[in-house]
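Visitor: Just to be clear, the model below is a prediction. Sequence and coordinates:
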Amino acid sequence: MVDGSIDDASTTMAVNAQTLGRDGLCAIFSQLQLHEQCQMGRVCSDWEAASRHLLGVISELPLHQFAATMTDDCLHALLHRCPIITEVNLADCKRITDTGLLALRHCRRLQSLNLSFVSAVSADAIEKVCHATSMRSLDLGGCTQLSELELCTRFGAYLELDEDEDGLSKVQG
């Protein structure tokens, strides 16, 4: 790109992507972090195809690693590319609201959800996700917006009991 032409750079990128093929691109992109894998699809259609293929085989989303930047829109876009998700960790993702959470209803295979310290989601939204998916495990620790009564009555089937220092069982949530 000596002459600074964007068209030349785009052509070179497209030729390189075609030469590598989807599997070659996936091998390279698999070394990237999750948020980088999501963004790579913006470059060109070949990279978009590689992104969809790579993210399409992910079953776990440890999104707590991106708690400071994870938004409803980011979550929705990511879930659209990851159709076989079984486990999502949104612990401490304080920017996630009911809008983002409800996008999980389309993840029919979802079995485990960690919403620890996610305070902007309602009991109604959580319940809708639980009923629409294959939920087995739900972590609601630190969700101060939920009462103990709600934890027990609405989500008791999904919560684990932990023993406190006295050896008594208590609701983990």
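Guide: Yep, it's here.
Visitor: Tell me which stretches of the chain form helices.
Guide: Ranges of helices in the chain, per DSSP state H, are 6-29, 34-39, 45-55, 72-81, 98-102, 123-132, 148-155.
Visitor: in the last one, what counts as buried?
Guide: In terms of neighbour count (16 or more other C-beta atoms under 10 Å), helix 148-155 has its buried residues at 150-151, 154-155. C-beta coordinates here come from the backbone N, C-alpha and C atoms, glycine included.
Visitor: contacts for it?
Guide: Applying C-beta atoms under 8 Å, 6 or more residues apart in numbering, the contact partners of helix 148-155 are 123, 126-127, 130, 138, 140, 146, 159, 171, 173.
Visitor: State the mean pLDDT of it.
Guide: Mean pLDDT, computed over helix 148-155, is 90.
Visitor: re the thing from before, make CSV from the contacts of helix 148-155 and add distance to residue 115 and neighbour count to it.
Guide: Formatted as CSV, those follow (distance: C-beta to C-beta, whole Å; neighbours: other C-beta atoms under 10 Å):
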residue, distance to residue 115, neighbour count
123, 11, 17
126, 7, 26
127, 12, 14
130, 11, 20
138, 7, 22
140, 6, 24
146, 9, 19
159, 11, 18
171, 14, 15
173, 9, 23
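Visitor: Out of the helices of the chain, name the one with the poorest average pLDDT.
Guide: Looking at the helices of the chain, the weakest mean confidence is helix 6-29, a mean of 58.
Visitor: Of the buried residues of helix 148-155, which is the nearest to residue 115?
Guide: residue 155 (10.1 Å; C-beta to C-beta).
Visitor: Verify the contact between residue 137 and residue 112 for me.
Guide: Yes: using C-beta atoms under 8 Å, residue 137 makes contact with residue 112 at a distance of 4.3 Å.
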